[in-house]
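Make a model of this:
(one chain, ligands or ions: 4)
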Amino acid sequence: MTTHSITLAHWLALHTETALASVLLDLAHASTEIAGLIRGGALTGALGSLDNVNVQGETQKRLDVLANDICKRHLAANPAIAAIASEEEDNAIVFARPDAAYLVAFDPLDGSSNIDVNVTVGTIFSILPAPATTIDDTAFLQSGHRQVAAGYVVYGPQICLLLALPGQVVQFTADPASGEFLLTHDRLSIPAGARVISANVSNQSRWPPDLAATIQQWLDSGDYNMRWVGSMVADIHRILHQGGVFLYPTQSDRPQGKLRLLYECNPIGFIIENAQGSAADTLQTTPTSLHQRVGFIAGDQEAVTTLSDHST
Ligand code: AHG
Ligand code: MN
Ligand code: MN
Ligand code: MN
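Ligands and ions are numbered 1, 2, ... in the order given. This is a model prediction of the structure:
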(Lines give C-alpha, C1' and ligand atoms only; values in the text may rest on other atoms or scores of the structure.)
(Ligands and ions follow the chains in the order given, each with its own letter.)
Protein backbone atom coordinates (compact mmCIF):
# COMPACT_ATOMS: atom_id res chain seq x y z
CA MET A 1 0.00 0.00 0.00
CA THR A 2 1.54 3.37 -0.92
CA THR A 3 1.93 5.79 2.00
CA HIS A 4 -0.50 8.18 0.33
CA SER A 5 -3.42 5.91 1.15
CA ILE A 6 -2.68 5.75 4.88
CA THR A 7 -5.01 8.10 6.74
CA LEU A 8 -4.05 9.88 9.97
CA ALA A 9 -6.59 7.77 11.89
CA HIS A 10 -5.15 4.54 10.45
CA TRP A 11 -1.56 5.57 11.20
CA LEU A 12 -2.43 6.62 14.76
CA ALA A 13 -4.22 3.32 15.37
CA LEU A 14 -0.98 1.53 14.39
CA HIS A 15 1.46 3.77 16.30
CA THR A 16 -0.24 5.31 19.35
CA GLU A 17 -2.46 4.15 22.19
CA THR A 18 -6.17 4.85 21.81
CA ALA A 19 -6.55 7.88 24.11
CA LEU A 20 -3.54 9.68 22.59
CA ALA A 21 -4.84 8.90 19.10
CA SER A 22 -8.19 10.49 20.02
CA VAL A 23 -6.47 13.67 21.26
CA LEU A 24 -4.39 13.97 18.08
CA LEU A 25 -7.46 13.35 15.91
CA ASP A 26 -9.35 16.08 17.76
CA LEU A 27 -6.48 18.49 17.05
CA ALA A 28 -6.55 17.47 13.38
CA HIS A 29 -10.32 18.05 13.19
CA ALA A 30 -9.92 21.47 14.84
CA SER A 31 -7.21 22.37 12.31
CA THR A 32 -9.49 21.40 9.42
CA GLU A 33 -12.08 23.89 10.70
CA ILE A 34 -9.42 26.58 11.14
CA ALA A 35 -8.14 25.91 7.62
CA GLY A 36 -11.63 26.59 6.27
CA LEU A 37 -11.71 30.03 7.95
CA ILE A 38 -8.23 30.87 6.65
CA ARG A 39 -9.00 29.75 3.10
CA GLY A 40 -12.08 32.00 2.94
CA GLY A 41 -10.17 35.01 4.25
CA ALA A 42 -12.23 38.18 4.02
CA LEU A 43 -15.22 36.10 2.88
CA THR A 44 -15.43 34.34 6.27
CA GLY A 45 -15.04 37.46 8.40
CA ALA A 46 -11.90 35.89 9.91
CA LEU A 47 -9.53 38.79 9.20
CA GLY A 48 -8.65 41.92 11.12
CA SER A 49 -7.91 42.75 14.75
CA LEU A 50 -10.09 43.00 17.85
CA ASP A 51 -9.93 45.72 20.49
CA ASN A 52 -8.73 43.43 23.25
CA VAL A 53 -5.16 42.67 24.30
CA ASN A 54 -4.31 39.08 25.35
CA VAL A 55 -2.24 37.92 28.31
CA GLN A 56 0.83 38.26 26.07
CA GLY A 57 0.22 41.99 25.68
CA GLU A 58 -0.61 41.44 21.99
CA THR A 59 -3.61 42.94 20.21
CA GLN A 60 -5.63 39.82 19.37
CA LYS A 61 -6.50 39.06 15.78
CA ARG A 62 -10.04 37.86 15.10
CA LEU A 63 -8.59 34.56 13.88
CA ASP A 64 -6.54 34.15 17.10
CA VAL A 65 -9.84 34.06 19.00
CA LEU A 66 -11.77 32.00 16.45
CA ALA A 67 -8.98 29.40 16.22
CA ASN A 68 -8.72 29.31 20.01
CA ASP A 69 -12.49 28.74 20.35
CA ILE A 70 -12.36 25.93 17.76
CA CYS A 71 -9.47 24.19 19.53
CA LYS A 72 -11.18 24.55 22.94
CA ARG A 73 -14.45 23.12 21.62
CA HIS A 74 -12.78 20.03 20.13
CA LEU A 75 -10.47 19.38 23.08
CA ALA A 76 -12.99 20.06 25.88
CA ALA A 77 -15.13 17.16 24.67
CA ASN A 78 -12.33 14.57 24.94
CA PRO A 79 -12.41 12.53 28.22
CA ALA A 80 -8.68 11.76 27.85
CA ILE A 81 -7.78 15.43 28.44
CA ALA A 82 -7.39 16.69 32.02
CA ALA A 83 -6.66 20.31 31.12
CA ILE A 84 -5.67 22.60 28.25
CA ALA A 85 -3.45 25.70 28.13
CA SER A 86 -3.48 28.19 25.26
CA GLU A 87 -1.50 31.25 24.21
CA GLU A 88 -4.87 33.02 24.17
CA GLU A 89 -6.01 32.00 27.68
CA ASP A 90 -4.68 33.63 30.87
CA ASN A 91 -4.86 30.35 32.80
CA ALA A 92 -5.25 26.64 32.12
CA ILE A 93 -8.78 25.35 31.55
CA VAL A 94 -9.21 22.37 33.86
CA PHE A 95 -11.77 19.58 33.37
CA ALA A 96 -12.85 17.56 36.40
CA ARG A 97 -11.48 14.27 35.05
CA PRO A 98 -9.29 12.50 37.66
CA ASP A 99 -8.57 9.61 35.24
CA ALA A 100 -7.66 11.72 32.19
CA ALA A 101 -4.14 10.96 30.98
CA TYR A 102 -3.14 14.08 29.04
CA LEU A 103 -2.58 17.84 29.15
CA VAL A 104 -2.64 19.79 25.89
CA ALA A 105 -0.81 23.12 25.46
CA PHE A 106 -1.36 24.90 22.16
CA ASP A 107 -0.81 28.01 20.10
CA PRO A 108 -4.07 28.10 18.17
CA LEU A 109 -2.85 30.51 15.52
CA ASP A 110 0.90 30.98 15.06
CA GLY A 111 2.05 33.85 12.87
CA SER A 112 -0.83 36.24 13.53
CA SER A 113 0.98 39.13 11.86
CA ASN A 114 0.61 37.22 8.58
CA ILE A 115 -3.13 36.48 8.72
CA ASP A 116 -4.34 39.62 6.91
CA VAL A 117 -1.71 39.42 4.15
CA ASN A 118 -2.35 35.84 3.03
CA VAL A 119 0.96 34.42 4.26
CA THR A 120 1.34 30.94 5.79
CA VAL A 121 0.30 30.54 9.43
CA GLY A 122 -0.05 27.50 11.71
CA THR A 123 -1.32 25.80 14.86
CA ILE A 124 1.19 24.29 17.32
CA PHE A 125 0.41 21.65 19.96
CA SER A 126 2.19 19.89 22.81
CA ILE A 127 0.90 16.82 24.67
CA LEU A 128 2.12 16.25 28.24
CA PRO A 129 1.28 13.50 30.73
CA ALA A 130 -1.31 14.61 33.30
CA PRO A 131 0.22 14.35 36.79
CA ALA A 132 -1.64 12.39 39.48
CA THR A 133 -1.71 15.53 41.66
CA THR A 134 -4.26 18.34 41.49
CA ILE A 135 -4.47 19.79 38.02
CA ASP A 136 -3.90 23.53 37.67
CA ASP A 137 -1.49 25.85 35.82
CA THR A 138 1.48 24.28 37.62
CA ALA A 139 0.68 20.82 36.15
CA PHE A 140 1.93 22.20 32.80
CA LEU A 141 5.32 23.24 34.22
CA GLN A 142 7.04 20.09 32.97
CA SER A 143 10.26 20.21 30.94
CA GLY A 144 9.94 19.60 27.22
CA HIS A 145 11.54 16.14 27.14
CA ARG A 146 8.48 14.89 29.07
CA GLN A 147 6.23 15.55 26.08
CA VAL A 148 4.37 12.45 24.89
CA ALA A 149 3.85 13.94 21.43
CA ALA A 150 4.05 17.32 19.71
CA GLY A 151 3.25 18.74 16.32
CA TYR A 152 1.88 21.50 14.18
CA VAL A 153 -0.45 22.13 11.30
CA VAL A 154 0.90 24.51 8.65
CA TYR A 155 -1.77 26.34 6.63
CA GLY A 156 0.10 27.09 3.41
CA PRO A 157 -0.45 26.21 -0.25
CA GLN A 158 -0.64 22.68 1.15
CA ILE A 159 -2.17 21.97 4.55
CA CYS A 160 0.26 19.67 6.35
CA LEU A 161 0.18 18.09 9.80
CA LEU A 162 3.59 17.33 11.31
CA LEU A 163 3.60 14.86 14.20
CA ALA A 164 6.55 13.94 16.41
CA LEU A 165 6.54 10.90 18.67
CA PRO A 166 9.70 9.80 20.50
CA GLY A 167 12.11 8.72 17.74
CA GLN A 168 10.09 9.72 14.71
CA VAL A 169 8.60 12.65 12.84
CA VAL A 170 5.93 12.04 10.20
CA GLN A 171 4.02 14.35 7.88
CA PHE A 172 0.44 14.12 6.66
CA THR A 173 -0.92 16.24 3.83
CA ALA A 174 -4.62 17.16 3.57
CA ASP A 175 -6.18 15.72 0.43
CA PRO A 176 -7.75 18.80 -1.28
CA ALA A 177 -10.76 16.73 -2.39
CA SER A 178 -11.67 15.07 0.91
CA GLY A 179 -9.78 17.18 3.49
CA GLU A 180 -8.49 13.87 4.91
CA PHE A 181 -4.91 13.92 6.24
CA LEU A 182 -2.91 11.26 4.35
CA LEU A 183 0.61 10.09 5.21
CA THR A 184 3.12 11.63 2.78
CA HIS A 185 6.44 11.52 4.69
CA ASP A 186 6.97 8.63 7.08
CA ARG A 187 10.32 9.58 8.57
CA LEU A 188 11.48 13.20 8.35
CA SER A 189 15.11 14.00 9.15
CA ILE A 190 16.69 17.44 8.89
CA PRO A 191 19.27 17.60 6.03
CA ALA A 192 22.60 18.56 7.66
CA GLY A 193 24.88 21.37 6.55
CA ALA A 194 22.38 23.71 4.86
CA ARG A 195 23.62 27.30 5.16
CA VAL A 196 20.29 29.04 5.70
CA ILE A 197 19.68 31.45 8.58
CA SER A 198 16.10 31.98 9.75
CA ALA A 199 16.04 35.05 12.00
CA ASN A 200 14.54 38.51 12.19
CA VAL A 201 17.86 40.30 11.64
CA SER A 202 16.26 43.67 12.33
CA ASN A 203 16.90 42.69 15.98
CA GLN A 204 20.60 41.85 15.44
CA SER A 205 21.93 44.95 17.21
CA ARG A 206 20.13 43.86 20.39
CA TRP A 207 21.21 40.18 20.37
CA PRO A 208 23.98 38.92 22.67
CA PRO A 209 27.06 40.53 21.05
CA ASP A 210 28.97 37.27 20.48
CA LEU A 211 25.97 35.71 18.74
CA ALA A 212 25.39 38.83 16.63
CA ALA A 213 29.05 38.76 15.58
CA THR A 214 28.88 35.09 14.58
CA ILE A 215 25.77 35.67 12.46
CA GLN A 216 27.46 38.73 10.92
CA GLN A 217 30.49 36.60 9.99
CA TRP A 218 28.18 34.05 8.33
CA LEU A 219 26.35 36.79 6.41
CA ASP A 220 29.64 38.47 5.37
CA SER A 221 31.01 35.13 4.12
CA GLY A 222 28.48 35.13 1.30
CA ASP A 223 27.92 31.40 1.93
CA TYR A 224 24.56 31.80 3.71
CA ASN A 225 21.04 32.54 2.57
CA MET A 226 18.41 34.17 4.83
CA ARG A 227 14.73 33.20 5.10
CA TRP A 228 12.22 34.75 7.58
CA VAL A 229 8.48 34.23 7.13
CA GLY A 230 7.43 35.61 10.52
CA SER A 231 5.38 32.47 11.24
CA MET A 232 7.52 30.10 13.28
CA VAL A 233 5.68 27.08 11.88
CA ALA A 234 6.50 28.08 8.28
CA ASP A 235 10.18 28.72 9.04
CA ILE A 236 10.50 25.46 10.96
CA HIS A 237 8.68 23.51 8.21
CA ARG A 238 11.29 24.71 5.71
CA ILE A 239 14.11 23.70 8.05
CA LEU A 240 12.61 20.21 8.56
CA HIS A 241 12.66 19.66 4.80
CA GLN A 242 15.72 21.64 3.66
CA GLY A 243 17.85 22.21 6.77
CA GLY A 244 19.19 25.44 8.25
CA VAL A 245 18.92 27.10 11.64
CA PHE A 246 16.11 29.13 13.29
CA LEU A 247 16.87 31.64 16.00
CA TYR A 248 14.88 34.10 18.06
CA PRO A 249 17.49 35.01 20.68
CA THR A 250 17.09 37.00 23.87
CA GLN A 251 17.59 40.72 23.26
CA SER A 252 18.85 43.62 25.34
CA ASP A 253 15.28 45.01 25.29
CA ARG A 254 13.64 41.53 25.73
CA PRO A 255 15.94 39.65 28.12
CA GLN A 256 13.42 36.77 28.33
CA GLY A 257 13.13 36.47 24.56
CA LYS A 258 9.89 36.54 22.56
CA LEU A 259 8.77 32.97 21.91
CA ARG A 260 6.76 31.03 24.49
CA LEU A 261 8.31 27.90 25.98
CA LEU A 262 5.23 25.77 26.63
CA TYR A 263 3.36 25.93 23.31
CA GLU A 264 5.98 27.16 20.83
CA CYS A 265 9.57 26.26 21.77
CA ASN A 266 8.95 22.94 23.54
CA PRO A 267 6.75 21.37 20.82
CA ILE A 268 8.95 22.73 18.03
CA GLY A 269 12.08 21.66 19.91
CA PHE A 270 10.62 18.15 20.38
CA ILE A 271 9.90 17.92 16.65
CA ILE A 272 13.38 19.16 15.67
CA GLU A 273 15.21 16.82 18.08
CA ASN A 274 13.21 13.80 16.92
CA ALA A 275 14.18 14.72 13.35
CA GLN A 276 17.89 14.53 14.27
CA GLY A 277 18.28 18.29 14.75
CA SER A 278 19.02 20.20 17.95
CA ALA A 279 17.05 22.67 20.09
CA ALA A 280 20.03 23.37 22.40
CA ASP A 281 18.88 23.10 26.04
CA THR A 282 15.24 24.01 25.41
CA LEU A 283 13.79 20.62 26.33
CA GLN A 284 15.80 20.51 29.58
CA THR A 285 14.40 23.87 30.75
CA THR A 286 11.95 23.60 33.65
CA PRO A 287 9.15 26.09 32.97
CA THR A 288 8.37 28.60 35.73
CA SER A 289 5.08 29.95 34.33
CA LEU A 290 2.46 29.10 31.71
CA HIS A 291 3.41 31.92 29.31
CA GLN A 292 7.14 32.03 30.01
CA ARG A 293 9.22 33.40 27.13
CA VAL A 294 12.66 32.05 26.24
CA GLY A 295 15.43 32.63 23.72
CA PHE A 296 15.28 29.89 21.08
CA ILE A 297 17.79 28.40 18.65
CA ALA A 298 16.92 25.19 16.77
CA GLY A 299 17.66 23.23 13.60
CA ASP A 300 20.94 21.97 12.13
CA GLN A 301 22.95 20.30 14.91
CA GLU A 302 26.31 21.90 14.07
CA ALA A 303 24.88 25.39 13.57
CA VAL A 304 22.92 25.21 16.85
CA THR A 305 26.03 24.11 18.73
CA THR A 306 28.08 26.98 17.28
CA LEU A 307 25.41 29.60 18.00
CA SER A 308 24.60 28.28 21.48
CA ASP A 309 28.29 28.55 22.41
CA HIS A 310 28.07 32.25 21.44
CA SER A 311 24.70 33.16 22.88
CA THR A 312 25.60 34.15 26.43
P1 AHG B 1 2.10 34.28 17.41
O2 AHG B 1 1.55 34.78 16.13
O3 AHG B 1 1.51 32.96 17.83
O4 AHG B 1 2.03 35.32 18.52
O5 AHG B 1 3.64 33.93 17.17
C6 AHG B 1 4.42 34.77 16.40
C7 AHG B 1 5.86 34.42 16.64
C8 AHG B 1 6.39 33.35 15.71
O9 AHG B 1 5.42 32.68 14.97
C10 AHG B 1 7.32 34.09 14.77
O11 AHG B 1 8.46 33.35 14.45
C12 AHG B 1 7.67 35.34 15.53
O13 AHG B 1 6.59 35.61 16.42
C14 AHG B 1 7.84 36.50 14.61
O15 AHG B 1 8.33 37.54 15.41
P16 AHG B 1 8.65 38.96 14.71
O17 AHG B 1 7.34 39.47 14.17
O18 AHG B 1 9.20 39.78 15.86
O19 AHG B 1 9.66 38.72 13.64
MN1 MN C 1 3.09 31.54 17.93
MN1 MN D 1 -0.43 32.52 18.39
MN1 MN E 1 0.25 35.84 19.48
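
how about the residues of the stretch 51-200 of the chain near ligand 3?
The stretch 51-200 of the chain has residues 87, 107, 109-110 near ligand 3, with proximity defined as C-beta under 5 Å from the ion. Just so you know, the C-beta spots here come from the backbone N, C-alpha and C atoms, and that holds for glycine as well.

and stretch 48-63, what's its mean pLDDT?
The pLDDT scores in stretch 48-63 average 91.

now that stretch: how far from the chain's centre is it?
Counting by C-alpha atoms, centre = their mean, to the nearest Å, stretch 48-63 is centred 19 Å from the centre of its parent chain.

With stretch 213-229 instead?
24 Å.

same check, this time on stretch 65-80
Taking the mean of its C-alpha atoms, stretch 65-80 sits 17 Å from the chain's own mean (C-alpha atoms, centre = their mean).

cool, and stretch 165-183?
The mean C-alpha position of stretch 165-183 is separated from the chain mean by 16 Å, C-alpha atoms, centre = their mean.

Name the member of the residues of the stretch 51-200 of the chain next to ligand 3 with the most neighbours.
Leu109 (32 neighbours; other C-beta atoms under 10 Å).

List the residues that contact that one.
By C-beta atoms under 8 Å, 6 or more residues apart in numbering, the contact set of Leu109 is 34, 61, 63-64, 67-68, 115, 121-123.

Just the ones in helices from those residues, please.
Taking DSSP state H, the ones among those that sit in helices are 34, 63-64, 67-68.

List just the nearest of these to ligand 2.
Asp64 (9.6 Å; C-beta to the ion).

Just to check, that closest one is in contact with Asp110?
No: the criterion here is C-beta atoms under 8 Å, and Asp64 misses it with Asp110 at 9.8 Å.

how much space between the closest residue to ligand 2 within the stretch 201-312 of the chain and His29?
Nearest residue of the stretch 201-312 of the chain to ligand 2 (C-beta to the ion) works out as Glu264 at 5.0 Å. For Glu264, the distance to His29 (C-beta to C-beta, to the nearest Å) stands at 22 Å.

And the helix or strand encompassing Leu75, what does it pack against?
Using DSSP states H and E, Leu75 maps to helix 62-76. Applying 3 or more C-beta pairs under 8 Å, 6 or more residues apart in numbering; DSSP states H and E, we find helix 62-76 packed against helix 18-40, strand 49-53, strand 81-86, strand 102-110, strand 121-129.

Report the contact partners of Ala150.
Ala150 neighbours (C-beta under 8 Å, 6+ apart): 125-127, 163-164, 266-268, 270-271.

tell me the secondary structure for it?
Three-state call for Ala150 (DSSP: H, G, I helix; E, B strand; the rest coil): strand.

now it, nearest residue through space, not along the chain?
Among residues not flanking Ala150 along the chain, Pro267 sits closest, at 3.6 Å (C-beta to C-beta, 6 or more residues apart in numbering).

Let me see the contact set for the one you found.
105, 124-126, 144, 147, 150-152, 164.

Could you export those residues as CSV, including distance to Ala46?
Below are the contacts of Pro267 laid out as CSV (distance: C-beta to C-beta, whole Å):
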residue, distance to Ala46
Ala105, 23
Ile124, 19
Phe125, 20
Ser126, 24
Gly144, 31
Gln147, 30
Ala150, 26
Gly151, 23
Tyr152, 19
Ala164, 28
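
Closest one to ligand 4 out of those, please.
Ile124 (11.0 Å).

What's the separation between the residue lying closest to Ala76 once chain neighbours are set aside and Ala130?
Using C-beta to C-beta, 6+ apart and skipping residues adjacent in sequence, the residue nearest Ala76 is Phe95, 6.7 Å away. In this view, Phe95 and Ala130 are 10 Å apart by C-beta to C-beta.

more neighbours, the two?
Applying other C-beta under 10 Å to Phe95 and Ala130 shows that Ala130 carries more neighbours, namely 21 against 15.

Now do the more buried one, the pLDDT please.
98.

got the contact list for the residue nearest to it when sequence neighbours are not counted?
Excluding the flanking residues, the one nearest Ala130 by C-beta to C-beta, 6+ apart is Ala82, at 3.8 Å. Contacts for Ala82 (C-beta under 8 Å, 6+ apart) come out as 94-95, 97, 100-103, 130, 135, 139.

hmm, try it at 6 Å
If you count contacts by C-beta atoms under 6 Å, 6 or more residues apart in numbering, Ala82 has them with 97, 100, 103, 130, 135.

Include distance to ligand 1 when you put the residues you listed into CSV, please.
As requested, the contacts of Ala82 are exported to CSV (distance: C-beta to the nearest ligand atom, whole Å):
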residue, distance to ligand 1
Arg97, 28
Ala100, 26
Leu103, 19
Ala130, 24
Ile135, 25
